[in-house]
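Q: for reference, the sequence and a predicted model appear below.
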Amino acid sequence: MQYGFLRCAAFSPALRVADCDYNADQIIAAMRQAAGQGVQLLCLPELCLTGYTCSDLFLQQTLYQGAEAALARILAESRGCPLVVLVGLPVCQGGKLYNCAAVVAGGRLLGLVPKRHLPNYGEFYEHRHFAPGPRQPVAVTVAGQPTRMGTDQLFVCAEMPELVLGVEICEDLWAPVPPSCAHALAGATLVCNLSASDETVGKAAYRRELVAGQSGRLLCGYVYADAGHGESTTDMTFAGHDLIAENGALLAEAAPFGPGRAATELDLGRLVQERVRSTTFVPDPAGYETVPFHLQPVELTLTRPFSPTPFVPADDAARAERCELILRIQAEGLAKRLEHTRAACAVLGISGGLDSCLALLAAVRACRVLGRSTRDIVAITMPCFGTTRRTRSNAELLCEALGVQFVEINIAETVKSHFADIGQQLTDYDVTFENGQARVRTLELMDYANKHGGLVVGTGDLSELALGWATYNGDHMSMYGVNAGVPKTLVRHIVRYVADSCGDESLQKVLLDILDTPVSPELLPAAEDGTIAQQTEQLVGPYELHDFYLYYVLRLGFGPAKIYHIAKAAFAGRYEPKVLLYWLRSFYRRFFAQQFKRSCLPDGPKVGSVTLSPRGDWRMPSDACSALWLAEVDALTE
């Protein structure tokens, strides 16, 4: 339960209809196996102690008394099992029979949650046997233990306050307003559904969407345990389609007619953070009772996958779709700005690197949106002391392939004159030497745009803005920052997407060479062999790590310790823990120190869930202290 992670499992044991002792044996075996695998919460199917398909046998006292005796055995077994177990059984109270979920932990019957919505259509006829459960909990005694029975109950873990459990049963989820909606608003971060959903053509896909969608709508984890092998096939067949979802994403699934077991870790801490961020998620705990319970803390080795590139879809088709969408968003945003300002042309600096390449591709698309010629784009290369032949050549070839105007302005003499004005030595390769060149380049772009009625298109990306890897009032400034919402790891994939899909051999060739060029601002003299001497990732660290940290800091609000924990799982075998820690500290140091640059960014289109615009998702004071975050990083050791 470290960092808000909880290992959950949904299991569909093979059972025998109406054989409560046999079914209890299967459940106890499942409990032992789950506990041995570090599972902390086990959800079992609806009426699994008797079988869902008992029909009129439910009206036999022998059956429901046998189920109660079997529950007593499970309670006794749970004393030595460090997990919460949800078991389905019929419960007779007050002259009525209820379809219930028993919540069991540490030998205690924490509560009984009855089914509220009883299907009585098609192949279902539950009203024949059961009564809808009461919402307000009432006192009952079952399996020799006093407890409460009602739908409006939440079960809260003392050792892990993020774990607040709500329960519903099968048809409850399919109702227009499922009980889980009220559970979540009352505080439930995890909903378990004990189900017996028969299998028909097309139902699995709908069930999958229903579970994932409900978890997303309620910002919760959702564990769905389905009846499987052993149920009567007189009228129906059950497939054991177990599902676990979190905030709209399906994390684990037991395929229909498969093993009948799904297990993974749910990040309940993330769900709490999501609710903190959401202003439309308004808590409403009125009428709910909370039941505390204890669960032994354990350290988990994460088994759920964590992408090392959270901004980049792993699936080829999904990645291509995202790249196309981002290009469209960039193009539409820039087109509107060009149209509104009545700009005669779009002006941008072209370096032969990735960012200016993407900005140019977006500008070309913007011209298409407006029905304008690509000759209305002016790409200016501004060679100086660090420009290499390779990047200069690629810049020209790219412009030629795209049909845009290519202009060269050698800024070396202007920079020398400026350095003479301020007393900067040409042999002193300090920050002034670098930033002076960047500011002269911006000066040239701005004044060229003024002269020709143009609009300067910025090329800096989201990752550079996060790290402050931009010269203040240099490449930091433009009239429209078309790349400002695109992280560096995704920039590369968008350029690759265009290369793969453009159908132009010459354009593809130059794009592939740009992709193969080291990322560099080229502000220091080239090496003796003419190659790039100043490589960005050797100075600020790997962009894949910084983008990873950026995602979890901005999108989810996680602290350094949890981010490091996840990074070790995501980058296992690729980076040593000490390397992850080094660059995590570097990220926080830079992120806090460079906020003043982000506080005065030019406009730019939002393309994803993370943006650093002071008018958008992220606002922080430029004078904020990073001490708390850095102290948490420094406390992490291997």
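A: That came in fine, so what should we check first? Everything quoted here is computed from the prediction, not taken from an experiment.
Q: dump whichever strand or helix holds residue 113 to PDB, restricted to CA.
A: Secondary structure assignment for residue 113, by DSSP states H and E: strand 108-114. Listed in PDB are the C-alpha atoms of strand 108-114, where the atom choice follows Å, rounded to 0.1, in the frame of the first residue of the first chain:
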ATOM      1  CA  ARG A 108     -14.800  -9.500  10.800                       C
ATOM      2  CA  LEU A 109     -17.900  -9.200   8.800                       C
ATOM      3  CA  LEU A 110     -17.600  -5.500   8.100                       C
ATOM      4  CA  GLY A 111     -20.900  -5.200   6.500                       C
ATOM      5  CA  LEU A 112     -23.500  -6.500   4.100                       C
ATOM      6  CA  VAL A 113     -24.300  -4.600   1.000                       C
ATOM      7  CA  PRO A 114     -27.600  -5.700  -0.700                       C
END
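Q: all helices for the stretch 501-638 of the chain, in order.
A: Shown for the stretch 501-638 of the chain, the helices assigned by DSSP state H, counting those that start in this stretch span residues 505-515, 536-540, 543-550, 560-570, 577-593, 595-598, 627-634.
Q: what ranges do the helices span in the stretch 201-350 of the chain?
A: Secondary structure of the stretch 201-350 of the chain (DSSP H, counting those that start in this stretch): helices located at 203-217, 268-277, 316-341.
Q: most tightly surrounded among those helices?
A: Scoring the helices of the stretch 201-350 of the chain by mean neighbour count under mean count of other C-beta atoms under 10 Å gives helix 268-277 as the most buried, with a mean of 20. Any C-beta I mention is one placed from the backbone N, CA and C, and that applies to glycine too.
Q: so what touches that helix?
A: When contacts are taken as C-beta atoms under 8 Å, 6 or more residues apart in numbering, the neighbours of helix 268-277 outside the stretch itself are 3-6, 160, 162-163, 189-190, 219-221, 246-247, 281, 556-558, 562.
Q: repeat that for 7 Å
A: Contacting residues not belonging to helix 268-277 are listed as 3-4, 6, 162-163, 189-190, 219-221, 247, 281, 556-557, 562 [C-beta atoms under 7 Å, 6 or more residues apart in numbering].
Q: then stretch 191-199?
A: For stretch 191-199, the external contacting residues (C-beta under 7 Å, 6+ apart) are 43-47, 52, 86, 88, 101, 123, 165-170, 173, 180, 183, 207, 220, 222-227, 236-239, 256.
Q: repeat that for stretch 324-335.
A: The contact list for stretch 324-335, computed with C-beta under 7 Å, 6+ apart, reads 361-363, 365-366, 369-370, 457, 480, 482, 486, 494, 605, 607.
Q: one more time with 10 Å
A: Outside of stretch 324-335, the residues within contact range by C-beta atoms under 10 Å, 6 or more residues apart in numbering are 343, 346, 358-359, 361-372, 455, 457, 480-486, 490-491, 493-494, 497-498, 501, 603-608.
Q: repeat that for stretch 621-632.
A: Outside of stretch 621-632, the residues within contact range by C-beta under 10 Å, 6+ apart are 553, 559-564, 584-585, 587-600, 614, 633.
Q: let's see that with 6 Å instead.
A: Residues external to stretch 621-632 that are found in contact with it (C-beta atoms under 6 Å, 6 or more residues apart in numbering): 559-561, 588, 592, 595-596, 599.
Q: so where is the protein shaky, pLDDT-wise?
A: Scanning the chain for pLDDT under 70 picks out 1, 387, 519-536, 638.
Q: beta partners of the residue lying closest to residue 87 once chain neighbours are set aside?
A: Closest residue to residue 87 apart from its sequence neighbours, by C-beta to C-beta, 6 or more residues apart in numbering: residue 102 at 4.7 Å. Note on residue 102: beta-bridge partners residue 87, residue 112, judged by DSSP bridges.
Q: I'd like the numbering to begin with 26 instead of 1 from here.
A: In the new numbering, first residue 26, that becomes residue 127.
Q: separation between residue 127 and residue 69?
A: Residue 127 is 10 Å from residue 69, where distance means C-beta to C-beta, to the nearest Å.
Q: the more surrounded of the two?
A: residue 69 (31 against 28; other C-beta atoms under 10 Å).
Q: how close does that one get to residue 128?
A: Plainly put, residue 69 is 11 Å away from residue 128 if you go by C-beta to C-beta.
Q: also residue 421?
A: With distances defined as C-beta to C-beta, the gap from residue 421 to residue 128 amounts to 70 Å.
Q: cool, residue 416 as well?
A: 64 Å.
Q: my read: residue 577 touches residue 586, true?
A: No: taking C-beta atoms under 6 Å as the contact criterion, residue 577 and residue 586 are not neighbours in contact, 11.4 Å apart.
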